[in-house]
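> Sharing a model that was predicted from the sequence below.
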Amino acid sequence: MKAKFLLLFSTLLLLSCGSVHVFVNEEYTYSRKNPITINLSSDDASGTLGELQYLLKSNGYKLMSYGSAKKALNLDSQYNNSSTHNEITYTKEFNSIYLMDIDYSYYDDLFYFAYTNFSATITDLRTGEIIMTANFRGDKSCRAVLQEFVDNLNKVIK
């Protein structure tokens, strides 16, 4: 009876931790060699940017700094029929540049930072189309969530 209780408790504890779910648009031919710029929508006291850059780079993804991406893209205002619209033009030759938007909530545990939710979206800046989304809800260390995120990306992106 005690063993069954421990097994049930362990299972519930593991399920409450959560897992990262990744969806990639299969109509896109995306490669790790396409440059990605990471954009955080919150502060980075948890060290997410550095950890994610390390994991992506060590897994063969090509990264571009936010500043370099801004220099590589020009936003030109053009006037057409009294209305202003922005058009992305490239100062360097790229097939495309991808922007990874990251959003998360975390707390400072006694020994590490932990996410309660984490989401990521990769957008093709040339077309504006979202090519990848990822989502996590639960309670897990930031490092474990980011590792699982990159592991899942590796399964669907060659």
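Perfect, I can see it now.
> how about the strands of this protein, start to end?
Taking DSSP state E as the criterion, the chain contains strands spanning 21-24, 36-40, 73-80, 83-90, 98-108, 113-124, 130-141.
> Turn those strands into TSV, including mean pLDDT, distance to residue 56 and mean neighbour count.
The way it works is simple: take the backbone N, C-alpha and C, and place the C-beta from them, glycine included. Formatted as TSV, those follow (pLDDT from 0 to 100; distance: least, C-beta to C-beta, whole Å; neighbours: other C-beta atoms under 10 Å):
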stretch	mean pLDDT	distance to residue 56	mean neighbour count
strand 21-24	89	13	16
strand 36-40	89	7	18
strand 73-80	45	20	10
strand 83-90	43	22	10
strand 98-108	93	9	17
strand 113-124	94	11	19
strand 130-141	94	12	18
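> For residue 61, which of those is the nearest?
The minimum distance between residue 61 and these falls on strand 36-40, with 6.1 Å, by C-beta to C-beta.
> CA atoms only: put that closest one into CSV for me.
The C-alpha coordinates for strand 36-40 follow below in CSV (Å, rounded to 0.1, in the frame of the first residue of the first chain):
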residue,chain,number,x,y,z
ILE,A,36,18.1,33.6,-35.6
THR,A,37,17.9,36.8,-33.5
ILE,A,38,16.5,36.3,-30.0
ASN,A,39,14.2,39.0,-28.5
LEU,A,40,13.2,38.8,-24.9
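> And that strand, how far out from the chain middle?
On the basis of C-alpha atoms, centre = their mean, to the nearest Å, strand 36-40 sits 8 Å off its chain's mean C-alpha point.
> Alright, that wraps it up for me.
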